[in-house]
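Colleague: Predicted model and sequence below, questions to follow.
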Amino acid sequence: MMISDNWGEFLLPHLRKIFEKHQQKMRDFLPVIYNVETSTKAQEFTHGIGSLGLMDEWSDSGNQVSYETVNPGYKQTYTHRKFSKGIKIERELLDDAQYVEVKKRVNLLAQSEYYTKQYYAAYPFNNCTGFLGPDGKAMCATDHPLGPNNSTTWSNLATGTDLDPNNVETIRNYMKGWKDDKGNLLAVNPDTLIVPPALRKKAIIIADTNGEPDTADNNVNIWKGSLNVIEWDFLNTSTMWFMVDMTRMKTFLTWYNRRKAKLESEKMFDTEIAKFKCISRFSFGFDDASFVYGVSTS
């Protein structure tokens, strides 16, 4: 094989295919958990608004539309952060036909990019009692205000609660009672359990067995067919599980890609070392926490 002076540029298309192919082998949880958007700015902003009450019955005597003021909601700011990683490939690896070594290094770079995004995607859940939202409260807290103009609080955090059918039912009913800033039901539909690998078995037994779990009675399992389970490898605790409304989660939990990672190269002429890098910019967060209930078993 003839190796030209621009060997780094010559390698780039081939190594980029290896990089992308390795990425595709690994399960990406971002589109499963987040509303994934593309950004073209340094920051993204969302402006929440309050709700409207029920419609008023038409009055023949008044003969006019009933108007209502909409209260402002919370403002959320998404500031993109920049991440990078690179590798070096010596000219001798090509001269000596060490293509397997080259491929290994590119695969490691792809893995680094993949694990970085998965780590930060799981960050709000792994730090659910510390990752703040626009209301100034953690994603899972006991004192979320209903809105900037309504100091009434609601909770989406429980501790010392095991993952079992009775607790799932209790939390579901609690979430169904959540209200908006005008006091109307949000019509939350808790339809998914997000669990770490250590709680996978318990979650699947609750969601998929034909009979009611953990009882000798011959009752039907009311959860079968109505409750999804997501086993998330990147949840770093075996004692935390989450019940979510998937529709609301994909509405309020957002990931912005500002710069998607791709393999880029630069050749160092004097040292005969080609540098390959990937750079990624992204941000993530939530506009409203009323999609999730976080539960600690300890």
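Modeller: Thanks, I have it.
Colleague: Could you pull out the helices in the stretch 51-200 of the chain for me?
Modeller: Along the stretch 51-200 of the chain, the stretches classed as helices by DSSP state H, counting those that start in this stretch are 91-95, 99-126, 165-176, 200-208.
Colleague: Could you dump the ones you listed into JSON lines with mean neighbour count added?
Modeller: Backbone N, C-alpha and C define where each C-beta goes, glycine included. Formatted as JSON lines, the helices of the stretch 51-200 of the chain follow (neighbours: other Cβ atoms under 10 Å):
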{"stretch": "helix 91-95", "mean neighbour count": "15"}
{"stretch": "helix 99-126", "mean neighbour count": "18"}
{"stretch": "helix 165-176", "mean neighbour count": "16"}
{"stretch": "helix 200-208", "mean neighbour count": "18"}
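Colleague: out of those, which comes closest to G50?
Modeller: With Cβ to Cβ, the closest approach to G50 among the helices of the stretch 51-200 of the chain belongs to helix 165-176: 19.9 Å.
Colleague: returning to that earlier point: of the helices of the stretch 51-200 of the chain, which is nearest S84?
Modeller: Comparing the helices of the stretch 51-200 of the chain against S84 with Cβ to Cβ, the closest turns out to be helix 99-126 (9.5 Å).
Colleague: Show me how far the closest one is from its chain's centre.
Modeller: Its chain's C-alpha centre lies 17 Å from the corresponding centre of helix 99-126 when counted by Cα atoms, centre = their mean, to the nearest Å.
Colleague: name the helices or strands packed onto it?
Modeller: When contacts are defined as 3 or more Cβ pairs under 8 Å, 6 or more residues apart in numbering; DSSP states H and E, helix 99-126 packs onto helix 7-25, helix 30-33, strand 81-90, helix 91-95, strand 240-244, strand 273-286.
Colleague: Among those, show me which one is buried the most.
Modeller: Highest mean neighbour count of these: strand 240-244, a mean of 25 (counted as mean count of other Cβ atoms under 10 Å).
Colleague: Partner strands of it and their direction?
Modeller: Using DSSP bridges, strand 240-244 pairs in its sheet with strand 192-195 (antiparallel), strand 292-296 (antiparallel).
Colleague: mind putting the helices of the stretch 51-200 of the chain in CSV, mean pLDDT and distance to L52 included?
Modeller: CSV is the format used below for the helices of the stretch 51-200 of the chain (pLDDT from 0 to 100; distance: least, Cβ to Cβ, whole Å):
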stretch, mean pLDDT, distance to L52
helix 91-95, 70, 65
helix 99-126, 93, 29
helix 165-176, 95, 21
helix 200-208, 92, 35
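Colleague: would you list those in JSON lines and tack on distance to R248?
Modeller: Listed next are the helices of the stretch 51-200 of the chain as JSON lines, based on distance: least, Cβ to Cβ, whole Å:
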{"stretch": "helix 91-95", "distance to R248": "51"}
{"stretch": "helix 99-126", "distance to R248": "15"}
{"stretch": "helix 165-176", "distance to R248": "10"}
{"stretch": "helix 200-208", "distance to R248": "19"}
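Colleague: Relative to W241, tell me which of those wins on proximity.
Modeller: Of all the helices of the stretch 51-200 of the chain, the one in closest proximity to W241, counting by Cβ to Cβ, is helix 200-208 (7.3 Å).
Colleague: Other residues contacting the closest one?
Modeller: Contact with helix 200-208 is made by 163-165, 168, 193, 195, 213-214, 221, 223-224, 227-229, 231, 241, as judged by Cβ atoms under 8 Å, 6 or more residues apart in numbering.
Colleague: That one vs strand 240-244, what angle?
Modeller: With axes from the mean of the first three to the mean of the last three Cα atoms, to 10 degrees defining the directions, helix 200-208 sits at 30 degrees from strand 240-244.
Colleague: Quick check: next helix or strand after helix 200-208?
Modeller: Counting by DSSP states H and E, the next helix or strand C-terminal to helix 200-208 is strand 228-231.
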